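> Predicted model, plus sequence, below.
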Amino acid sequence: MEELKVLLIEDEKKIANSIARGLQELQYYVAIAYDGTIGLRMFESENFHLVITDINLPGVNGYELCKRIRNRNKQVPIMMLTALSATDDKIEGFDAGADDYVVKPFEFRELLARMRVLLKRSVNQQMPTGNILRVADLELNVDSKKVTRDDKPIQLTAKEFQLLEYFMRNRNRVLSRGDIAEKVWDLDFDTKTNVIDVYVNFLRKKIDRDFEQKLIHTHVGMGYVMKEEA
């Protein structure tokens, strides 16, 4: 089996070294950078299967680092590891291109579980070709990452695209917030956060606001559903 390579960007050396030791004991290859600038250089010089980064970093901060990595590589999973726990911080992280967001303090086994989910999805993912999803006049092309409605292009962030794809693949099915959290964010639903509702509203503004027929509907107390209403 190919050795799984992790780039860890964390300026708190005690935390970085502790994570690295735990992962190395499990046979992961771990490269450590203690600031964002060095982390970006390391990413550009070597192929990694996963990036774990703090947000408050010297040099290039985690948000900007995530954007730059995402511009160079659309597929590599990025996990943010930070003490910033506010919903706005999480949204900014996902908008920057992060796939997961872990708040300090954390248990190593939780970090490991989340890593395994991201790595499994990344290493084993086989994107089908010619994969086009349609609901009414809304069209999503999985390969080109293009979305249109009534032939008008719609610009989405990476996380908005994933959310829309999940809705479209499950049209006419009521999706709970827990379903969405597990399938789109790969995490257990935290009842104290409204990140999912915020992203659904973002999507509605782009997908539904300028069109008479609404496609994303709320089922109070149950979740959301994408469907064409008669």
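That came through, no problem.
> what's the nearest residue to Leu26 if we skip its chain neighbours?
Leu112 (7.5 Å; C-beta to C-beta, 6 or more residues apart in numbering). (Each C-beta comes from the backbone N, C-alpha and C, glycine too.)
> and what of Val30?
Leaving aside its sequence neighbours, Val30 sits nearest to Ala20 (C-beta to C-beta, 6+ apart; 4.4 Å).
> The one you found contacts Tyr29, correct?
No - contact criterion C-beta atoms under 8 Å: Ala20 and Tyr29 do not qualify, at 10.0 Å.
> Compare the two and say which one has the larger neighbour count.
Looking at Ala20 and Tyr29 with other C-beta atoms under 10 Å, you find the greater number of neighbours at Ala20, namely 17 against 14.
> which ones are touching the most centrally placed residue in the chain?
In the chain, the C-alpha closest to the average C-alpha coordinate belongs to Asp99, at a distance of 2.4 Å (C-alpha atoms, centre = their mean). For Asp99, the contact set (C-beta atoms under 8 Å, 6 or more residues apart in numbering) comprises Pro77, Ile78, Met79, Leu118, Asp186.
> if you set the cut-off to 6 Å instead, what comes out?
When contacts are counted by C-beta atoms under 6 Å, 6 or more residues apart in numbering, Asp99 is found next to Pro77, Ile78, Leu118.
> any idea how far the residue nearest to Leu57 when sequence neighbours are not counted is from Val103?
With C-beta to C-beta, 6+ apart as the measure, Gly36 is the residue that lies nearest to Leu57, at 4.1 Å, once sequence neighbours are left out. If you measure Gly36 against Val103 using C-beta to C-beta, to the nearest Å, the figure is 19 Å.
> Give me the more crowded residue out of these two.
Of the pair Gly36 and Val103, Gly36 is the one with more neighbours under other C-beta under 10 Å, namely 25 against 15.
> re earlier: which ones among the contacts of Asp99 map onto strands?
Ile78 (DSSP state E).
> What ranges does this structure have for its helices?
With DSSP state H applied, the chain shows helices at 13-25, 36-45, 62-72, 87-96, 108-124, 158-169, 177-180, 195-207, listed in chain order.
> least reliable of the ones you listed going by mean pLDDT?
The stretch with the lowest mean pLDDT among these is helix 108-124, which comes in at a mean of 83.
> ok, back up a step: so what's the residue count around the residue nearest to Leu26?
Other residues within reach of Leu112 by the criterion other C-beta under 10 Å amount to 15.
> domain ranges for this protein?
Taking automatic domain parsing as the reference, the chain has its domains at 5-124, 132-226.
> Tell me which of these sits most buried.
Greatest average neighbour count among these goes to domain 5-124 (a mean of 17), per mean count of other C-beta atoms under 10 Å.
> Now do the contacts for the nearest residue in space to Ile38 that is not next to it in sequence.
Counting by C-beta to C-beta, 6+ apart, Gly59 is the residue found nearest to Ile38 once chain neighbours are left out, at 7.0 Å. Under the criterion of C-beta under 6 Å, 6+ apart, the contact partners of Gly59 comprise Asp35, Gly36, Thr37.
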